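Q: one predicted model, sequence on top.
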Amino acid sequence: MCASATPRKVNSVQIYRSPLLCMLLSTALLACGPDSSHEPVSTQSPSVIVDFPSCEGLPAGIHGARAREVYDGGVGLSVYQVPAYPLAGEELFFFVKVPGERNITTLDARVTYDKWVTHADLPLQKWCATASTNWVWGISLGSHGAGTSIETAVHQVFTSSWTHEPRDGWGNNRGANYRFDVESENPLEWVGDTHLRTDGGYLPAEAVGVGYPLDVYTQTYPMGSARQVELFWANSDYSRVQSASMTLDTEHVGSGRNNDQWRATLPVELVAGEELHYWVRSEDASGQVRWDSAGGGNYHVTPRTYDVVWGGGFGSYYFNRDGSGSYSEGGLFNADGSTSTGCWTRGGRLSSTRAIRIYVPGLTDRTYTGDAESRAASRALRAELYTNARSGGWTTLPMRFLAQVGNDFVFGFQFVRFAPGCILNLPDGDYEYKIRVSGNAGHDWFWIGTEAGPDGGANRKVGYQQHCSALNQPDDCMPKSTASLTVGTLPAFGEVAAGEVATATGLVVNTNNAGRVVSNIRITGADAALFTFVARDGQNNSVLDPAGPIDLSGPRRRIFFDIVYAPPVGSSGTHRATLEMDVLDPEDDWVVPGQVSIELAGAVTL
């Protein structure tokens, strides 16, 4: 119990414990309760905690729930247990997410509660479709006592997209089955490692800026013990105290890989110079409460703004296959800072991006533990490309952080990102660009590439030719390439008399690498009017919209074509046209118009 009228100093703020304040502080402000300082070690098997796929029609309590997921790559199914940590007496749901293109007619779960001494086959209900057109099937497995171990396998009956015949198969986690355990009520022993992040990266309190969301993370031990974790925050004099529930983020974290991790986003706007205090309360199923309050004084952060003092070093940043990269000054730019660009690449991924170095004292010259931490710190800066290379005139486009090099942050931009798919609807020619950087959420800007702010001065030049290279090689206008897709052989139309119709089937366009999207399929050329086509999905034979987009990133995804040749009465000789399609790489956000081109030829026989 708290004593009344006893002064206590917290972070230089004198607070008197009246009976009313005693109640507030004992439950929130001063985090009354033990602060543990150790992480016990345990040996539990790993698992994955995720957000359950959202869709209409789910049972009450499932929306927004955290789930335990097992992805079975052998059959392409995702299996979920909700809740992630079921306790004795809690209803346990079993769900299966199925890719939308599968023609599944029935889905059953074979379930055992006694290590396969007995089992039951339970039909799953088709609950709903997610935004990505994946279907969610599920069933309630009821409630069970602590220590119950449940194993399941999934039996699916579907129609083959190749033979259109019924088939069946099992999903059993490559022979290990899907196993879920009903937990005992483990007492909560520890909460700690409360820290700040943004974009998933650790953020030192002294590097926090303004103008972006700030996340608070914490950990609890043992896994599954904490049933509720709450984040509290207050202004500098504690006149406003607020709280929000934290979400179970993941498990198997901490030095012993045996803690749960929780997260919450502070729903407040960060204001430069205004101190913010925060602390965490956790509770287990028995009602036992533990706090992490930095030893009773609470954690605190004072956001700040930054002054940008230099920007330059225009160059390139090259991405390696392993995700790492390297910066090189001068690459992709001419000596005067001008550059040239277009929409073509050499049929593969665009591995280089334009880059610039920015120096901000107290931010870019700090020592960070790795790329994730420096990337999080870079959120204090807003870097934008400002250009008139758009049909609508001058436009700002965000730049992205790439790396810390020396005492500078390197930000990158790609001219081919000016519009989705690099279709700018813009005449070839010379345009202008500049760069601006702000360390105070856009209230003030440091301009690079101009002498007089946004409206005047000497801007830098960018030459644009749509059918040329994106790599500052204006004369490198390359021929159409099929490097990203494989094109099968078009069968001959056979003997075709004038006025008759012939169809060639079996042309296949198949992806060589993930992430390819096809759109705008069309027939061009002098004799295009004599040829028509139908594009069909290689998995289920359904007719595709030639306008697209058609995603070829799925397993064994391909397009089948039926080409119809109809020479009119009175025609003779050979007719030629081209079947073309545009290819988009969503990861790099560029399109090569007509990258796939297939020559069509039909001859009239006499």
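A: Good, I have the coordinates. Residues are numbered from 1 along each chain as shown.
Q: just give the nearest non-adjacent residue to residue 527, would you?
A: Using Cβ to Cβ, 6 or more residues apart in numbering and skipping the chain neighbours, the partner closest in space to residue 527 is residue 575 (3.9 Å). Yep, even glycine has a C-beta here, placed from its N, CA and C like the rest.
Q: how close does that neighbour get to residue 569?
A: 14 Å (Cβ to Cβ, to the nearest Å).
Q: those two: which is more packed in?
A: residue 575 (23 against 8; other Cβ atoms under 10 Å).
Q: touching, residue 214 and residue 195? I think so.
A: No. Under the criterion of Cβ atoms under 8 Å, residue 214 is not in contact with residue 195, lying 11.1 Å apart.
Q: who touches residue 310 in this structure?
A: Counting by Cβ atoms under 8 Å, 6 or more residues apart in numbering, residue 310 touches 358-359.
Q: now with 10 Å, please.
A: 357-361, 364, 407-408, 437, 446, 448 (Cβ atoms under 10 Å, 6 or more residues apart in numbering).
Q: are any of the residues you listed buried, and which?
A: 357-360, 364, 408, 437, 446, 448 (16 or more other Cβ atoms under 10 Å).
Q: who's in contact with residue 284?
A: 185-189, 220, 222, 224-228, 290.
Q: what ranges do the strands span in the stretch 301-450 of the chain?
A: 310-319, 325-329, 339-341, 352-359, 382-387, 395-398, 400-405, 408-413, 429-438, 446-448 (DSSP state E, counting those that start in this stretch).
Q: before we move on, what about the stretch 1-150 of the chain?
A: 7-10, 13-16, 48-51, 66-72, 77-82, 93-98, 104-112, 120-123, 125-129, 135-140, 149-159.
Q: chain center to the fifth one: distance?
A: Averaged C-alpha coordinates place strand 77-82 at 20 Å from its chain's average position (Cα atoms, centre = their mean, to the nearest Å).
Q: run a quick neighbour tally on residue 139.
A: The burial count for residue 139: 20, using other Cβ under 10 Å.
Q: hang on, it packs against residue 96?
A: Yes. The pair residue 139 and residue 96 passes the contact test of Cβ atoms under 10 Å, sitting 9.2 Å apart.
Q: and for the two, which residues touch both?
A: With contacts defined as Cβ under 10 Å, 6+ apart, the residues shared by residue 139 and residue 96 are 107, 109, 124, 127, 152.
Q: what would those look like in a markdown table with neighbour count?
A: Shown next, in a markdown table, are the shared contacts of residue 139 and residue 96 (neighbours: other Cβ atoms under 10 Å):
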| residue | neighbour count |
| --- | --- |
| 107 | 23 |
| 109 | 24 |
| 124 | 21 |
| 127 | 19 |
| 152 | 24 |
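Q: among those, which has the minimum pLDDT value?
A: Least confident entry in these, by pLDDT: residue 127, with 85.
Q: hmm, back to that, element containing the residue nearest to residue 527?
A: Using DSSP states H and E, the secondary-structure element containing residue 575 is strand 574-585.
Q: other SSEs contacting that strand?
A: strand 485-487, strand 502-511, strand 517-524, strand 531-537, strand 550-551, strand 558-565, strand 590-605 (3 or more Cβ pairs under 10 Å, 6 or more residues apart in numbering; DSSP states H and E).
Q: of these, which shows the lowest average pLDDT?
A: strand 485-487 has the lowest average pLDDT among these, namely a mean of 51.
Q: for residue 400, see how far away residue 81 is.
A: 36 Å.
Q: same check, this time on residue 299
A: 30 Å.
Q: of the two, who's got more company?
A: residue 299 (19 against 13).
Q: now do the contacts for that one.
A: Per Cβ under 10 Å, 6+ apart, neighbours of residue 299: 194-196, 205, 216, 233, 276-280, 292-293.
Q: bridging residues for it?
A: residue 278 (DSSP bridges).
Q: state the pLDDT value of it.
A: For residue 299, the predicted pLDDT is 97.
Q: my guess is residue 320 contacts residue 352, does it?
A: No. Look at residue 320 against residue 352 with Cβ under 10 Å: they stay out of range, at 11.1 Å.
Q: just to revisit the earlier point, any common contacting residues for residue 214 and residue 195?
A: residue 203.
Q: so which of the two has more stuff around it?
A: Comparing residue 214 with residue 195 by other Cβ under 10 Å, the one with more neighbours is residue 214, at 24 against 15.
Q: any idea how far that one lies from residue 248?
A: The value you get for residue 214 to residue 248, if Cβ to Cβ is used, is 19 Å.
Q: how long is stretch 158-174 end to end?
A: 20 Å (Cα to Cα, to the nearest Å).
Q: buried stuff in that stretch?
A: Buried, per 16+ other Cβ under 10 Å, within stretch 158-174: 158, 161, 171-173.
Q: with stretch 239-256 instead?
A: 243, 246, 248-254.
Q: any figure for the gap between residue 387 and residue 461?
A: Where residue 461 is concerned, residue 387 sits at a distance of 11 Å (Cβ to Cβ).
Q: now for those two: what residues contact both?
A: Joint contacts of residue 387 and residue 461 (Cβ under 10 Å, 6+ apart) are 431-433, 449.
Q: quick one: these as CSV, columns for distance to residue 508, neighbour count and pLDDT too.
A: Listed next are the shared contacts of residue 387 and residue 461 as CSV, based on distance: Cβ to Cβ, whole Å; neighbours: other Cβ atoms under 10 Å; pLDDT from 0 to 100:
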residue, distance to residue 508, neighbour count, pLDDT
431, 41, 19, 90
432, 45, 17, 90
433, 42, 23, 91
449, 48, 22, 80
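Q: what residue ranges in the stretch 101-250 of the chain score low on pLDDT?
A: The model of the stretch 101-250 of the chain has pLDDT under 70 over residues 101-102, 131-132, 160-163.
Q: for the closest residue to residue 378 other than its chain neighbours, give the beta-bridge partners.
A: Using Cβ to Cβ, 6+ apart and skipping residues adjacent in sequence, the residue nearest residue 378 is residue 401, 4.0 Å away. Using DSSP bridges, the beta-bridge partners of residue 401 come out as residue 411.
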